[in-house]
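1. Give the three-dimensional model of this entry:
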Amino acid sequence: MRRALRRAADGAVLDATEAAVLLHARGDDLDALLTAAGKVRDAHLLAEGRPGIVTYSRSVFIPLTRLCRDRCHYCTFATVPHKLPAAFLERDEVLEIARAGAAQGCKEALFTLGDRPEDRWPAAKEWLEARGYESTLDYVRASAIAVLEETGLLPHLNPGVLSWEELTRLRPVASSMGMMLETTAERLWSEKGGPHYGSPDKEPAVRLRVLTDAGRVNVPFTTGILIGIGETIAERAESLLAMRQVAKQYGHIQEVIIQNFRAKPDTAMRGMPDADLTELAATIAVARLVMPSTVSVQAPPNLVGEEFDLMLRAGVDDWGGVSPITPDHVNPEKPWPQVDKLVDITREAGFPCRNG
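-> So this is what the prediction gives:
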């Protein structure tokens, strides 16, 4: 630990073993880790032209469809057709949400949806066909164009796994796109009982391919990991370094989200403990140390309890999308902090906070 902390403080390029060691930091070692990460974050902010300033994005979240072909064992966003009034939001419903956001000073429309639901659910395929769309991605593209042209909000698309051709097709209608890597631990996808078992789009190699292809077509991209779903510390370190490699190679990754698992009722993983917030802070700090200086590090502000100061000490420089009018549809039980309160809390921790 002492050697790894010294190398972190010296700004050395950390390998997977050193990153894993640092992820174990607690007590005084954790304080030293956070100090090193904080210095790197401050240098990042200076280089980005916003010295000392932490940002957030005032946004609306548009749940285009809650149907999905995957079966993640911790997810309550994805559901079944008979629990929904319709397979997708209608175009007018999408625009109603976007207009309400624009009226509240939002800049972005963050599209949230499941992966290719028409491959699993006949109701999704029928809905799309009835409106002249061949696929969910066709409808995503049309909705993004409508939002941009009629409200001025910038579409950020999260349609999941995409091919090279699909990334190229969506790129002109999106200011940015995103897909969480979540983990590179293949066993969590391939072994029965794993959190991603039965989910074709959660194969780590496939998701890494999407990150690479997004870089090859120069799509501004957001990715990240989900901690506490059964991965080992070594696997967590490997996931961080996999993102670093792609980010360094292509330079297209704008933000990396470090998100903590929160157990939800009515899921297969409802009995698992929530990811510890100290572990979250250590992971944020290691992410800040290993990522290129151009990459922001985010933590969802509605999932960190009262530990805003701890996450800022760990190296967070951006809170990501926060909405004054729409919930976090993936974590509806954890409402967004009021924007003004988030700004005040961040300022009290020593960082001016602005809509970036």
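
2. distance of residue 74 from residue 162?
-> Note on residue 74: its distance to residue 162, by CB to CB, to the nearest Å, is 23 Å. Yep, even glycine has a C-beta here, placed from its N, CA and C like the rest.

3. Tabulate the CA atom coordinates of the longest strand along the chain in PDB.
-> When the chain is parsed with DSSP state E, its longest strand is strand 54-65. What follows is strand 54-65, C-alpha atoms only, in PDB (Å, rounded to 0.1, in the frame of the first residue of the first chain):
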ATOM      1  CA  VAL A  54     -17.600  21.400 -10.200                       C
ATOM      2  CA  THR A  55     -20.300  21.100 -12.800                       C
ATOM      3  CA  TYR A  56     -23.600  19.400 -13.300                       C
ATOM      4  CA  SER A  57     -26.000  19.200 -16.400                       C
ATOM      5  CA  ARG A  58     -29.500  20.500 -15.900                       C
ATOM      6  CA  SER A  59     -31.400  17.900 -17.900                       C
ATOM      7  CA  VAL A  60     -34.600  16.100 -18.600                       C
ATOM      8  CA  PHE A  61     -34.700  12.300 -18.700                       C
ATOM      9  CA  ILE A  62     -36.900  10.700 -21.400                       C
ATOM     10  CA  PRO A  63     -37.700   7.000 -20.800                       C
ATOM     11  CA  LEU A  64     -38.400   6.200 -24.400                       C
ATOM     12  CA  THR A  65     -39.200   2.600 -23.600                       C
END
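
4. Show me what it is packed against.
-> helix 91-103, strand 108-113, helix 136-151, strand 318-322, helix 339-348, strand 353-355 (3 or more CB pairs under 8 Å, 6 or more residues apart in numbering; DSSP states H and E).

5. relative to helix 339-348, how tilted is it?
-> Counting by axes from the mean of the first three to the mean of the last three CA atoms, to 10 degrees, strand 54-65 lies at 150 degrees to helix 339-348.

6. was I right about residue 24 contacting residue 4?
-> No - in this structure, residue 24 is not within contact of residue 4 by CB atoms under 8 Å, at 9.4 Å.

7. three-state assignment of the most centrally placed residue in the chain?
-> Residue closest to the mean C-alpha point of the chain, counted by CA atoms, centre = their mean, is residue 257 at 4.7 Å. With DSSP: H, G, I helix; E, B strand; the rest coil as the basis, residue 257 sits in strand.

8. Between residue 24 and residue 4, tell me which one has more neighbours.
-> residue 4 (24 against 14; other CB atoms under 10 Å).

9. need the contact list for the more buried one.
-> Contacts of residue 4 were listed using CB atoms under 8 Å, 6 or more residues apart in numbering, and they are 14, 18, 21-22.

10. Looks to me like it is in a helix.
-> Yes - according to three-state DSSP, the state of residue 4 is that of a helix.

11. Which residues does stretch 191-208 contact?
-> By CB under 8 Å, 6+ apart, stretch 191-208 touches 69-74, 115-116, 160-161, 179, 181-190, 229-230, 242, 246, 269.

12. if we go to 6 Å?
-> For stretch 191-208, the external contacting residues (CB atoms under 6 Å, 6 or more residues apart in numbering) are 70-74, 115, 160-161, 181, 184, 186, 188-189, 229-230.

13. Ok, stretch 244-261 next?
-> For stretch 244-261, the external contacting residues (CB under 6 Å, 6+ apart) are 211-212, 215, 218, 220-222, 224, 226-229, 243, 275, 280, 283-284, 287, 290-292, 295-300, 303.

14. now stretch 326-334
-> Contact with stretch 326-334 is made by 60-61, 63, 77, 112, 302-303, as judged by CB under 6 Å, 6+ apart.

15. Any of the residues you listed buried? List them.
-> Neighbour-count burial within the contacts of stretch 326-334 applies to 60-61, 63, 77, 112, 302-303; the criterion is 16 or more other CB atoms under 10 Å.

16. quick one: secondary structure of residue 34?
-> Assignment for residue 34 (three-state DSSP): helix.
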